[in-house]
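Chemist: Predicted coordinates and the sequence they were generated for:
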Amino acid sequence: MKIVLVNHTFPPFSWAGSEACVYHTAQFLRSRGHEVLVFYRYNNPVDEEYRVIEETFHGIPVARINHTHRFSRQFERTYLNRAVAAIFGHWLGKVAPDIVHFHHLTNLSMDLPREAKWRGIATVMTLHDYWLLCQRGQMLTPALERCDGPTLHGCRNCLAPQLLKGPLSSLVSRLRTSTKSPRKDLVGTLQGASVESPDKRFVAETVFDLDGRPVPTIQAHPPSTIRRKIRVPEQARLCFSIAMHSSTYDKQGQGVEFAVEIDGESVFKQYLDAKHEPADRGWHPVEIDLSPWCGREVELALFTAPGPGGCLDFCTAGWGDLRLCEDLGKSTPSVSPPVLAERRIQFLAQYVSGWVTRFSPRATAGIRHRQRFTRDVFQNVDLFISPSRFLRNFFVRHGLDSEKIVYLDNGFPPMERVPDLARPVHRPVRFAYIGTWIPPKGVDLLIRAFRDIDPSKGILRIYGFFPGYDGYPEYVQLLHSLAAGSSAIEFKGRYNSDRVCDVLADVDVIVVPSIWWENSPLTVHEAFQAGIPVVTANVGGMAEFVPDGVCGLQFHHRDWRSLREVVNRICNSPEILDELRKGVPPVLTMEEHVQCLLALYEKALHSLIVD
């Protein structure tokens, strides 16, 4: 069978949940003798828009299309791109597969399934989140409030700045940001700066999208120097992230050295080689204390240089979300409810912006247009797969024919090393969070629950990094400020996803504190593979995979006090974990998953023949 797998991104650019799922599915299908190709999107502001590169990755033939959204000036273009669809359709005609298995269409186009349908090709789609129904993907509003389901009014209000144009869009944006603390984005642009580079086109204001989240970036291909004068406020920090662009990961050559000087004094230097070191990929947050220069005007200099061998090939790099931040003691960002006066202002702003969008024909038409193409996907996909029963039921409630969607959990390859399941529980008990540090994952909620825990009874290790999150640029600072003074909380930073077994070998409990309705959390499955119980919320796929008292414990969703009660219960009675370990279920293997998948492919092909 000839099979095409489609996703919004793919290794080596990203190894997140859906990407890993597509990669392992491709490899296991190939091992059974099937011909597999992968089509996905990459984001390189230097490349020509819609350029298609065909190559192989670990033996898998891939075709990747460059889509930076540089032409996406309307809301419609964020989910529907005729150029991407036409190019995909032409490529499909060339490779002529038996079946196309879609995984995620974000940053591609909703009408890709139609291209397959027009060519008489059977289609299957795995749902990884709520994106077909929710533009934001996680059923969370910009204020991180939970949305119970897409509605015309709710979606209009949530997406107002994108739906409107001209003065109305500006009005709504101002209303939405009227209660936010002013940011000191004094250094995040090239305006007023002097640039030294062999080719000035290689230093530019752009956006890097390394993990599905666009981050404002000053691109600086080495060698480059960016200088500008800044006035340093009292108790300020220079905050930014550094990265090599994901388009460089699979290329030959070396890395990039980043350096910062203030008035000629070196204050930061770091070398990243994302081509050879997986841990060097993605964003790396940096904070520089500027208190020695407070109240003064200084020259800030940003440098990028090639690696030790001086190779300049394929080393596009960038300074992400560059800004001045006030000291944490003076200005602490928060995702928790603000004081009453601020809530009144926010309510008024939300009320007014809601009325603006309610009476805007453009806003209403924008939401209805996206809903129409969601129904189009429902029609043009022969069979949907949901990795959780919760997600399946959610989509059925919102218009998907129950006969067209089946439950099949994701499969997982065996771990390289499984921890000793008979090992005693540590004293103090070792809790861990593994994943990105973004607001929907509820890391701040976990820290609030843990900061008063007696470190002689329990410790929390937080693995991962902050990739950036729209509207919450200082979230990582919030996490560190919440954890300040607690000796029970440790930030461990990045880990190698290929060696997660090394992290799990030293853990007693995994905590999944997400504030959104998780579908089929990767971390839960990895914990179960290692025989480790999980503490998680009592909703969504989290509750489905972790029955309370069987293989883990549940707390009330979005309630840090309830989570603290569960943590204290474990700390005071660690023997609970010995019982919970006995209830940890087996995880569906990749071999079992692919066997079921092939049966579903046959079902989709038969459906196509009958039609």
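Modeler: Alright, I've got the coordinates.

Chemist: rest of the way, CA atoms for contacts and neighbours
Modeler: Fine.

Chemist: Run through the stretch 451-600 of the chain and note the low-pLDDT ranges.
Modeler: Low-confidence regions of the stretch 451-600 of the chain, defined here as pLDDT under 70, do not occur.

Chemist: ranges for the helices of it?
Modeler: 475-483, 500-504, 522-529, 540-545, 560-572, 575-582, 590-610 (DSSP state H, counting those that start in this stretch).

Chemist: what comes into contact with the third one?
Modeler: Judged by CA atoms under 8 Å, 6 or more residues apart in numbering, the contacts made with helix 522-529 from elsewhere in the structure are 17, 415, 418, 434-435, 504, 510, 512, 533-534, 545, 584-587.

Chemist: top of those by neighbour count?
Modeler: Val534 (32 neighbours; other CA atoms under 10 Å).

Chemist: For that residue, list the residues it contacts.
Modeler: 509-512, 524, 527, 546, 551-553.

Chemist: Please look at Tyr23 and Pro12 and confirm they touch.
Modeler: No - applying CA atoms under 8 Å as the test, Tyr23 and Pro12 come out as separate, 10.0 Å apart.

Chemist: coming back round to it: of the contacts of Val534, just say which sits nearest to Trp283.
Modeler: Using CA to CA, Val512 comes nearest to Trp283 of these, at 22.5 Å.

Chemist: Which strand residues bridge the closest one?
Modeler: Per DSSP bridges, the residues bridged to Val512 are Thr536.

Chemist: Identify the residues contacting it.
Modeler: Contacts of Val512 (CA under 8 Å, 6+ apart): 433, 441, 523-524, 534-537, 542.

Chemist: Can you list the residue ranges for helices in the stretch 301-450 of the chain?
Modeler: 340-358, 361-380, 389-397, 443-450.

Chemist: Give me the packing partners of the last one, helices and strands only.
Modeler: Read it as helix 443-450. On a contact count with 3 or more CA pairs under 8 Å, 6 or more residues apart in numbering; DSSP states H and E, helix 443-450 meets helix 475-483, helix 560-572.

Chemist: Give the ranges of residues in this structure that sit below the confidence cut-off.
Modeler: For the chain (pLDDT under 70), the answer is 161, 164-187, 211-213, 326-359, 608-611.

Chemist: Can you give the domain ranges for it?
Modeler: 2-128+382-412+591-610, 152-179+336-363, 194-326, 429-582 (automatic domain parsing).

Chemist: Quick check: which of those is nearest to Gln138?
Modeler: So among the domains of the chain, domain 429-582 is nearest, using CA to CA, at 6.3 Å.

Chemist: coming back round to it: could you dump the contacts of Val534 to JSON lines with distance to Ile453?
Modeler: Output for those, formatted as JSON lines (distance: CA to CA, whole Å):
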{"residue": "Val509", "distance to Ile453": "15"}
{"residue": "Ile510", "distance to Ile453": "16"}
{"residue": "Val511", "distance to Ile453": "15"}
{"residue": "Val512", "distance to Ile453": "18"}
{"residue": "Val524", "distance to Ile453": "23"}
{"residue": "Ala527", "distance to Ile453": "23"}
{"residue": "Val546", "distance to Ile453": "24"}
{"residue": "Cys551", "distance to Ile453": "23"}
{"residue": "Gly552", "distance to Ile453": "19"}
{"residue": "Leu553", "distance to Ile453": "18"}
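
Chemist: quick one: which of those residues is nearest Leu92?
Modeler: Val524 (35.8 Å).

Chemist: State the distance from the closest one to Asp470.
Modeler: 26 Å (CA to CA, to the nearest Å).

Chemist: OK, contacts around Leu140?
Modeler: The contact partners of Leu140, taken as CA under 8 Å, 6+ apart, are 146-147, 516.

Chemist: How about Asp498?
Modeler: For Asp498, the contact set (CA under 8 Å, 6+ apart) is empty.

Chemist: Now do stretch 302-314: distance from first to last residue.
Modeler: Stretch 302-314 end-to-end distance (CA to CA) = 20 Å.

Chemist: no no, stretch 105-124
Modeler: End to end - CA to CA - stretch 105-124 spans 13 Å.

Chemist: residues of that stretch that come out buried?
Modeler: For stretch 105-124, the neighbour count (16 or more other CA atoms under 10 Å) marks 105-117, 121-124 as buried.

Chemist: which residues are in contact with it?
Modeler: 6-8, 40-41, 67, 78-82, 84-86, 88-89, 92-93, 97-102, 131, 373-374, 376-377, 380-385, 601, 604-605, 608.

Chemist: Now which of those residues would you call buried?
Modeler: 6-8, 40-41, 67, 78-81, 84-85, 88-89, 92, 97-102, 131, 373-374, 377, 380-385, 601, 604-605.

Chemist: Among these, which lie within strands?
Modeler: In strands, judged by DSSP state E, the following of these are found: 6-7, 40-41, 99-102, 383-385.

Chemist: and stretch 500-519, which residues are buried?
Modeler: 500-505, 507-519.

Chemist: same check, this time on stretch 394-407
Modeler: Those would be 395, 400, 404-407, for stretch 394-407 by 16+ other CA under 10 Å.

Chemist: Restricted to strands, list those.
Modeler: 405-407.

Chemist: and which of these is nearest Trp283?
Modeler: Tyr407 (34.8 Å).

Chemist: Contact partners for that closest one?
Modeler: 385-389, 392.

Chemist: Which two of those have the greatest separation?
Modeler: Top of the distance list for the contacts of Tyr407 (CA to CA): Ile385 and Arg389, 10.1 Å.

Chemist: returning to what we had before: quick one: which of the contacts of Tyr407 is nearest Val36?
Modeler: Using CA to CA, these come closest to Val36 at Ile385, 18.9 Å.
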